[in-house]
Each structure stands twice: as C-alpha cells, then as structure tokens.
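Q: The following block contains a protein sequence and its predicted model.
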Amino acid sequence: MIKKSFKGLLSLVVVTAIALIVLTIATVNLVDRSVIEDAAAEDRHRAFLLAAGAVSRIISQSGDIHDVNALEKAIQDVLTLRPGLRRLSVFDAKQDNGALIWTSDSERAPKSLTPHELTEVREGRSTSYFDESTNDRAWVIAAPIMMNGQAIGALRGHFSVAKFDRIAEEEQTQAGLIAIAMVALTCLAFFVLIQRQVHRPIHRLLAAMHRAEAGDLTGRVSLIGPRDLQEVSRQFNQMLDRVRAAMDDKEKLLEEIRDFNGRLTTRIGEAKQELQQTHAMLVEARIQAERNEKLAALGELSAVMAHELGNPLNSISGHLQLALKEGPQQEHHRHLTIIRSEIDRMVTIIQHILESTRLRMQSAPVDLNKIIRDIQSLIAPGLSAKRIVFKTDLAEPLPSVAGDQRSLHGMIFNLVMNAVHAMPHGGELAVKTLRAIDHQEEGTLVLRGDTALKKGGVRLMISDTGHGIPSDNLTKIFEPFFTTRHSAGGTGLGLAICHRVVSSLGGRMAVRSRLDQGTSFTIDLPIWNNRQSGELHHES
C-alpha cells in the first residue's frame, strides 16, 4: 500500500515536471522564433536598403532607369552578393501605376506596384511584409531608387528566411534534448528527495502505527523529514504516551474492579444467606399472623354471638328462676311464654349469622339499571344533608344479567353504603353501567370470572371521592369480619358477601383505590342467555 501510494505520488510529480518543462520549451521556442524572425527582418531590411542604394548609384551613373543592361548587371551583382534575395524587380515610380521595368523572375513578378507601395516609395520610404503563401517563406521589401534626391523608381524583392528557419529548428532540437535531460534529472532529483524526505519517514510512521495496532505501545517514531512530518511523528509519540498511561490506569481500574467483584460476591453470598433466613422467619411470621387473624375473627364472631345471645340467656335464666318458685298457674304460663320468645330470638340470631355465610340464589334475568334506580330513590333523600352528590350514567338499552334479584340488590346496596361511609365530609358518588367488550379492568383484579364472560358482559362501576383504602388492605377488605370501622359498628361482612355474590354468578371484580382520592369497584356480570333457571348455591 505504501509502495503504491509512493509510486502514485512520484508519477504525479513526474507528470507535473514534464508538463512544466514542455510548457517552458514551447514558450522559449515561441520567444526564440519571434526574436529570430524580428532579427532576420531587421537584417534583411538593412541589406535590401543597401542593395537599393547600390542600384540607385548604378542608375545615377547611367542616367536612365530604363537602361535594361545597366539594371541587369547591377541586379546580378546584388544577387551574387546576397544569395538570400529572390525575384528582384525594378518599377517606374513616376508612372501612375508604377509599371514594371525589369525583373529576374518574369513568371511570378507583379506587373506594377501596389498603391500602398507606390505611395510609400514616392515619399522616399521603404515597405515590407512577411509572405507565407509559399513553402519558401520570405520578406517582401520595396525600397525607393533615388536620383538627385527624388524617387524615380522602386526596387522590389523577396528575401528568403530559410536560413533562419534552419537555425530555429536546430535550436528547437537542441532545446528538446536539453528538456529531456532536464526532465530525467528532475525526476531523479524528485525521486531521491521524496524517497529520503517523505517515503522513509512515512514508512517508519506507518510501521509504528501497525505495531501499535498489534498492541506494542513501546515504540517511538524518529523526528526526521519535513517539518510537517516531524510534527505528525511528535503528535503520534505523544498519543502513544497518553495511550500507555490510559492502559496503565485501565489495568489498575480492572484490578480494583476484580477486587471489588470478589468482595461483592462474598457479600452477596452472605446477604443471600441472611435473606434466606429472613424469608424463613417471614414465612413463619406470616403463618402465625394468619393463625392469629383466624383466631381474632373467631374471637370477634364469638364476641358478637356472646353479645347477641347474652341478653336472651339472661332473660331465660331469670324467668326460669321465677318459674321454679311456687305461684299461680298464670304466672308460670307467662314466664314460659317469655322463655319461648327469647329462645325464638336466639334461633333467629343464629340463623341470621348463618345466613351471612350462606347464599342461595335463584338464577333469573335481572335488570341492573332498575336495581340502581331503586337504591337511588331509597338513599338519595338523605345524601343532601351529608353533602354527597349521587350521579348515575346508565347505558340504555342494557342487556339483562344472569343472577338473583335479592342478592344483586344487597350487593349494590352494600357497595353504595360503603362509598357513603367513606365520604363523611361529602363528595361524589358515581354509578355507571355499560356493555363490557374489551374486559380491561383498572386496579387490582379480585375475581377473574367464568369463561362465559369471554363473549361479553355487563359492567357495573361504583366509585367515590372518599378517603380511600391503603394498598396494604386491598387484599384484606373481602375477608369476613375485616373492617376499619369497629367504632362505627362495622362487622366486616358486607364486602365478603359482595365477593361471594359475584363469585357465585361467575363474574369478575376489580378494585382501585388511592388515599384521599377515592375508591372504585368494577364488576363484570354475565349476560342472561335464556338458559334454564336454577338455584345457585354457594356456602362458605
């Protein structure tokens, strides 16, 4: 690659040198030819004037310009002395047309002078122009022949420049040979100069780059060659120094990272062991907490039953004591009647508690919008005093849902009353129904629902702007006897019953809540499809 680049550079230099030398030679030849031609013209003009003077003297001696013998002798002498002259002719300048008197070349000599030549000759001036119409290039000169200070005739001739052309050609040939020698010397000088001052420094620099690319960062480049290449070499050496320093820092950093990874691996192992122990403790604590919750729920249920059954039992005990005493038959009958009444009351309380954990529902088409309107008319009059706004957005028409009228009424009533209790300082209660198609719920999914919901269902949404439910309690609010309103008389059975109603109907339930922003329940119920009605039984 280096050799190819060097050869390309050398070729460019050689071509440039040749072009410059050829241009120089052409310019020199052009200037030489111009100088030679100017010098030849001046020399020929001077020589021709001398010849015209000699002819003038001969004609002055004879006294007649028309003396052909004298003219021929004089011109022959001129032609002998000046071999470069061609076609000498003598013209009569006194005639209007400057007619030809005698010529050495009767075939090509003109018969008269041109008007310009005639005018110039009569004024005593000579004229000349260069004739290139033939292969024998020549200067055409017309000079006056004077007698007694007057121009009586004109000597016109062709002065050949063939001799000067040969001199110019010889000079061009010599200049070409010199140019070729100069080109060769120039190329050789350029080759040696580039080889020493450019190629070798670049070769050393590229070799150092290849070594650095292979990983050897210890080498350095000598600062030789032109100033620019020395600067490039200096910058490369500085770059190698910086790279070596960066590599040393990198090695130190990698060593520190390896040490840190080793310590981190050890620490992770210890932390993993601690987490496993903590997890085991948490599992045990969770089991214990669940056990305690069940015991607490059972204790609360026992307390409720003891409270509810305590008064009837006390009454029965008192009346039995009175009945054991002797008295009128009528008093015995009255005590027994009261005892019977209290026993019936205890049975009712027990049945009520059992009914809270047992659901028997008759499946039938139910209009959900009608239930909502009934509940709204039932509780709406008392909400204005609590500064609660009851809003409904009921889809019309809405398909009937498959369920039990009484159970669905109780479920919706429980959810609505929970929302009212969550807004002691007022707020907004919103109930919405729509045809559910996408099955996308917002919040925590509590029940997933049956496969019947895949074909669509009816969605019920009940939301409030109350104090909300903490995220830790969202999974507990549907457990029996779980309540945050012990002081307000809450039993924790309402949401548990709602959960079992939706589950018995094969519905889907989700809850979303944020503290101080409110709570929203989303319930999807299956659509009634004219299936045979039957009893839906669910018991906890």
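A: All right, it came through fine. Numbers count the residues shown, from 1 in each chain.
Q: Which parts of the stretch 251-400 of the chain are strands?
A: 358-362, 364-366, 388-394 (DSSP state E, counting those that start in this stretch).
Q: Make TSV out of those and add distance to residue 505, mean pLDDT and mean neighbour count.
A: Glycine gets a C-beta too; all of them are placed from N, C-alpha and C. Putting the strands of the stretch 251-400 of the chain into TSV (distance: least, CB to CB, whole Å; pLDDT from 0 to 100; neighbours: other CB atoms under 10 Å) gives the following:
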stretch	distance to residue 505	mean pLDDT	mean neighbour count
strand 358-362	8	58	16
strand 364-366	10	91	17
strand 388-394	19	94	15
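Q: Quick check: which of those strands is nearest to residue 445?
A: strand 358-362 (21.8 Å; CB to CB).
Q: one step back: for residue 121, which of the strands of the stretch 251-400 of the chain is the nearest?
A: So among the strands of the stretch 251-400 of the chain, strand 388-394 is nearest, using CB to CB, at 127.9 Å.
Q: contacts for that closest one?
A: Under the contact criterion CB atoms under 8 Å, 6 or more residues apart in numbering, strand 388-394 has outside partners 369, 372-373, 376, 379-380, 383, 420, 423, 426-433.
Q: Just the buried subset of those, written out for PyMOL, thanks.
A: Here is the PyMOL selection string for the buried members of these, based on 16 or more other CB atoms under 10 Å:
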select buried, resi 369+372+376+379+383+420+423+427+429+430+431+432+433
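Q: which residues in the stretch 101-250 of the chain form strands?
A: 127-131, 138-147, 150-160.
Q: The shortest one packs against which elements?
A: Spelled out, it's strand 127-131. Secondary-structure packing of strand 127-131 (3 or more CB pairs under 8 Å, 6 or more residues apart in numbering; DSSP states H and E): helix 2-62, helix 115-122, strand 138-147.
Q: could the strands of the stretch 251-400 of the chain go into CSV alongside distance to residue 202?
A: Shown next, in CSV, are these (distance: least, CB to CB, whole Å):
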stretch, distance to residue 202
strand 358-362, 95
strand 364-366, 94
strand 388-394, 83
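Q: So for residue 502, which of the ones you listed sits nearest?
A: strand 358-362 (10.9 Å).
Q: Quick check: the gap between residue 392 and residue 386.
A: 18 Å (CB to CB, to the nearest Å).
Q: oh sorry, the question was meant for residue 180
A: On the measure of CB to CB, residue 180 and residue 386 end up 118 Å apart.
Q: now do residue 235
A: 84 Å.
Q: List the ones among the contacts of strand 388-394 that fall in helices.
A: Judged by DSSP state H, the contacts of strand 388-394 include 369, 372-373, 376, 379-380, 383, 420 as members of helices.
Q: Pick out whichever of these sits closest to residue 276.
A: For the ones in helices among the contacts of strand 388-394, the nearest to residue 276 is residue 420 (47.7 Å; CB to CB).
Q: hang on, isn't that closest one packed against residue 376?
A: No. Using CB atoms under 8 Å as the test, residue 420 is too far from residue 376 to be in contact (12.0 Å).
Q: Which stretches in the protein count as helices?
A: Under DSSP H, the chain gives helices at 2-62, 68-81, 115-122, 162-194, 200-213, 227-324, 329-355, 368-383, 405-421, 494-504.
Q: Local confidence estimate at residue 367?
A: pLDDT recorded at residue 367 is 94.
Q: my read: it touches residue 399, true?
A: No. Using CB under 8 Å as the test, residue 367 is too far from residue 399 to be in contact (9.5 Å).
Q: of the two, who's got more company?
A: residue 399 (18 against 15; other CB atoms under 10 Å).
Q: got a list of what that one touches?
A: 435, 458, 527-528.
Q: What's the per-residue pLDDT of it here?
A: Reading off the model, residue 399 has pLDDT 92.
Q: same check, this time on the one 10 residues further on
A: In this prediction, residue 409 carries a pLDDT score of 90.
Q: Share the number of residues neighbouring it, please.
A: Residues within reach of residue 409, counting by other CB under 10 Å, total 17.
Q: what sits against the closest residue to it other than its chain neighbours?
A: Leaving aside its sequence neighbours, residue 409 sits nearest to residue 371 (CB to CB, 6 or more residues apart in numbering; 5.3 Å). By CB under 8 Å, 6+ apart, residue 371 lies in contact with 405, 408-409, 412.
Q: ok, now with 7 Å
A: 408-409, 412 (CB atoms under 7 Å, 6 or more residues apart in numbering).
Q: same deal with residue 384?
A: Per CB under 7 Å, 6+ apart, neighbours of residue 384: none.
Q: give me that answer again for 10 Å
A: With contacts defined as CB atoms under 10 Å, 6 or more residues apart in numbering, the neighbours of residue 384 are 390, 426.
Q: Residue 507 now?
A: 401-403, 411, 447-450, 452-453, 457-460, 501, 523-526 are the contacts of residue 507 under CB under 10 Å, 6+ apart.
Q: Buried only: go through the residues you listed for me.
A: Among those, those classed as buried by neighbour count (16+ other CB under 10 Å) are 401-403, 411, 447, 449, 452-453, 457-460, 501, 523-526.
Q: Now intersect those residues with the strands, please.
A: The strands, defined by DSSP state E, take in 401-403, 447, 457-460, 523-526 from the buried ones among the contacts of residue 507.
Q: from these, which is closest to residue 114?
A: Nearest member of these to residue 114, counting by CB to CB, is residue 459, at 121.9 Å.
Q: quick one: which of the strands of the stretch 251-400 of the chain is nearest residue 123?
A: Comparing the strands of the stretch 251-400 of the chain by CB to CB, strand 388-394 comes nearest, at 126.0 Å.
Q: Using PDB, write down the CA coordinates of that closest one.
A: C-alpha atoms of strand 388-394 as PDB (Å, rounded to 0.1, in the frame of the first residue of the first chain):
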ATOM      1  CA  ILE A 388     -72.900  13.900  48.800                       C
ATOM      2  CA  VAL A 389     -73.800  14.100  45.100                       C
ATOM      3  CA  PHE A 390     -75.300  10.900  43.600                       C
ATOM      4  CA  LYS A 391     -74.500  10.600  39.900                       C
ATOM      5  CA  THR A 392     -75.600   7.800  37.500                       C
ATOM      6  CA  ASP A 393     -74.600   7.000  34.000                       C
ATOM      7  CA  LEU A 394     -76.700   4.100  32.900                       C
END
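Q: Tell me the strands beside that strand, with direction?
A: strand 427-436 (parallel) (DSSP bridges).
Q: Perfect, I'm done here.
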